[in-house]
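>>> Build me a model:
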Amino acid sequence: MTKLYYVHDPMCSWCWGFAPVLKQLLAALPSDIEVRRLLGGLAVDSDAPMPMEMQTMLQETWRRIEKKIPDTKFNFDFWTQCQPRRSTYPSCRAVIAARQQEEDFDEKMTKAIQVAYYQQARNPSDLETLSELADELGLDVMKFKCDMLSPETQQQLENEMALSRELYAESFPSLVLQVGTSTRGVPIDYNNATPMLELINKLTEA
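Residues are numbered from 1 along each chain as shown. Model prediction:
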């Protein structure tokens, strides 16, 4: 069994920048490679306002990403129109809750969170925003809310974070290829899928 693990967080700005190239990579993968998406969980639940120092640091990160990945753009209105919190676990649980209704909604909810956060200046740390996104995606919103708040969903998140650590995927995004019982990290290229695809093909053919 050959698997490619993609470890991410819906509110990871580098994951947003990587999304277009990731899509190209996954479309070009050999059909016998199973892709598994794992939520890494950047920041625990918190109702505390984000300190100004961290807000400044993250805005600088957004500018750095825009320079490194020219096609990536951020809407900086978020920092004046929302109350930022350093809390990404809610958005991670939202992806799990969406996935429980249909597997394809894992990727769809992730993208909806990214667009809301980085393009529409909406706060995915808020349950209200996440519920609105579930409705926009056509999910059963009542079931979504119940699943988001359930102990089982939190346990699933903890399981995925634990597996990410076992795979030594300690930064987001990360790609880890498993061939049989061996694993190997695939270096991220934010602007070109070809080097990653070539390495994956080389490792699977070895």
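>>> residues contacting Tyr190?
With contacts defined as C-beta atoms under 8 Å, 6 or more residues apart in numbering, the neighbours of Tyr190 are Trp14, Gly17, Phe18, Val21, Lys68, Ile69. Any C-beta I mention is one placed from the backbone N, CA and C, and that applies to glycine too.
>>> Quick check: chain neighbours aside, which residue is closest to it?
Setting aside the residues directly before and after it, Tyr190 is nearest to Ile69 in space (C-beta to C-beta, 6 or more residues apart in numbering), at 4.9 Å.
>>> For the one you found, give me its contacts.
Residues counted as contacts of Ile69 (C-beta under 8 Å, 6+ apart) are Gly17, Phe18, Tyr190, Asn191.
>>> Considering these, which possesses the most neighbours?
Ranked by the number of neighbours (other C-beta atoms under 10 Å), the contacts of Ile69 place Gly17 first, at 26 neighbours.
>>> Confirm it sits in a helix?
Yes. Counting by DSSP: H, G, I helix; E, B strand; the rest coil, one finds Gly17 located in a helix.
>>> 50 is where my numbering starts, stick with that
Fine by me, first position is 50 from now on; the one you just mentioned is Gly66.
>>> From Gln168, how far off is it?
13 Å (C-beta to C-beta, to the nearest Å).
>>> and if you look at Arg214?
Relative to Gln168, and taking C-beta to C-beta, Arg214 is found at 31 Å.
>>> what do you get for Trp65?
9 Å.
>>> who has more neighbours, these two?
Higher neighbour count among Trp65 and Gln168: Trp65, with 26 against 14, using other C-beta under 10 Å.
>>> Could you single out the nearest of the contacts of Tyr239 to Leu252?
Leu252 lies nearest to Val70 out of the contacts of Tyr239, by C-beta to C-beta, at 18.8 Å.
>>> And what about that closest one, helix, strand or coil?
Applying three-state DSSP: Val70 is helix.
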